[in-house]
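Trainee: Have a look at this prediction, sequence included:
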Amino acid sequence: MPTRDHYTQQLEALHAELRSLGQLVVAAITWSLGAFNRHDTTIAQRIVADDHDIDHAQYTLEEHTLGVIATQQPVAGDLRRLIATIAIASELERIGDYAKSIAKIVIRDVEQPPVEPPVEMAQMAERALAMLNAALEAFIQQDVDVAQRLGAADDKVDALHKQVRAELIDRLQREPTNASQLADLLAVTHNIERIADRTTNIAERVIFMVKGAQVELNP
């Protein structure tokens, strides 16, 4: 097999590995938010157990990518693509950790009477998940325009986060008997906000990969 053909296949295989990792993480976030909404500890326990799969996929992808860099010595666009692959995989692994954190909160609160979350929390979660899907699609399609729009999308999540956080802090003062559950809602809210932040990091890497330009979408 010609060397260039083999190299191209290696790049395509890494691309597929990153897409697979992204799918694992999207599923983990989706299921963790569902478990949170339904107080479903069975699903939450599964998410915690399955986090190992995400960690392993990230580690394997990084090893494969470093192997290609070491053996093929890529330059220019290919090198940027490989560097971006490692960085995006790391961001995805951290987002998977947020899914696990939300799941652990669901498990911890199983014996507590549920409290009603602010309605904006659901909006935050929906927007953050949509951002993650858009960032992964931007990577697959190498679409800089989609990646750049995620900065504005993150601003909307940040605005909702401030609103939710202010409401929960106010309720902590007014509902001291629900302090534990409200503190956990604050933690879930923070995790959702961090998912959006990590997603903008992915978008920045997509822009770097395609254009070689360093931008800051979440100043």
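Mentor: Looks like it arrived, so ask away.

Trainee: need the contact list for S32.
Mentor: I43, A44, I47, Y98, A99, K100, I102, A103, V106 (CB atoms under 8 Å, 6 or more residues apart in numbering). (Each C-beta comes from the backbone N, C-alpha and C, glycine too.)

Trainee: What strand or helix carries it?
Mentor: helix 3-38 (DSSP states H and E).

Trainee: And that helix, what's buried?
Mentor: Of all the residues in helix 3-38, those buried under the rule 16 or more other CB atoms under 10 Å are 10-11, 14, 17-18, 21-22, 24-26, 28-33, 35-36.

Trainee: Same question for stretch 75-93.
Mentor: Buried residues in stretch 75-93, counted by 16+ other CB under 10 Å: 78, 80-93.

Trainee: Likewise for stretch 167-176?
Mentor: Neighbour-count burial for stretch 167-176, counted by 16+ other CB under 10 Å, picks out E167, L168, R171.

Trainee: what about the second one, distance to S32?
Mentor: What it means is L168. To S32, L168 is 19 Å away according to CB to CB, to the nearest Å.

Trainee: now do the last one
Mentor: Distance, R171 to S32, by CB to CB: 23 Å.

Trainee: dump the residue contacts of the most centrally placed residue in the chain.
Mentor: Residue closest to the mean C-alpha point of the chain, counted by CA atoms, centre = their mean, is I95 at 3.5 Å. Going by CB under 8 Å, 6+ apart, I95 touches V25, I29, L132, I195, R198, T199.

Trainee: what about it, helix or strand, and which?
Mentor: Secondary structure from DSSP H and E places I95 in helix 76-108.

Trainee: sorry, back to before: go through the contacts of S32 and say which is closest to V157.
Mentor: The shortest approach to V157 among the contacts of S32 belongs to Y98, at 13.2 Å (CB to CB).

Trainee: shouldn't the closest one be in contact with N191?
Mentor: Yes - taking CB atoms under 8 Å as the definition, Y98 is a contact partner of N191 at 4.3 Å.

Trainee: Residues that sit against both of those two, list them.
Mentor: What both Y98 and N191 touch, as defined by CB under 8 Å, 6+ apart, is an empty set.

Trainee: distance between the host helix or strand of E137 and the chain's centre?
Mentor: If you go by DSSP H and E, E137 is part of helix 119-141. On the basis of CA atoms, centre = their mean, to the nearest Å, helix 119-141 sits 9 Å off its chain's mean C-alpha point.

Trainee: just stretch 43-53 next, same as before
Mentor: Here stretch 43-53 is found 16 Å from its chain centre; the criterion is CA atoms, centre = their mean.

Trainee: And the average pLDDT for that stretch is what?
Mentor: Average pLDDT, stretch 43-53: 96.

Trainee: where does the residue nearest to A187 when sequence neighbours are not counted sit relative to Q163, distance-wise?
Mentor: Nearest non-adjacent residue to A187, counting by CB to CB, 6 or more residues apart in numbering: I105, 6.0 Å away. To Q163, I105 is 20 Å away according to CB to CB.
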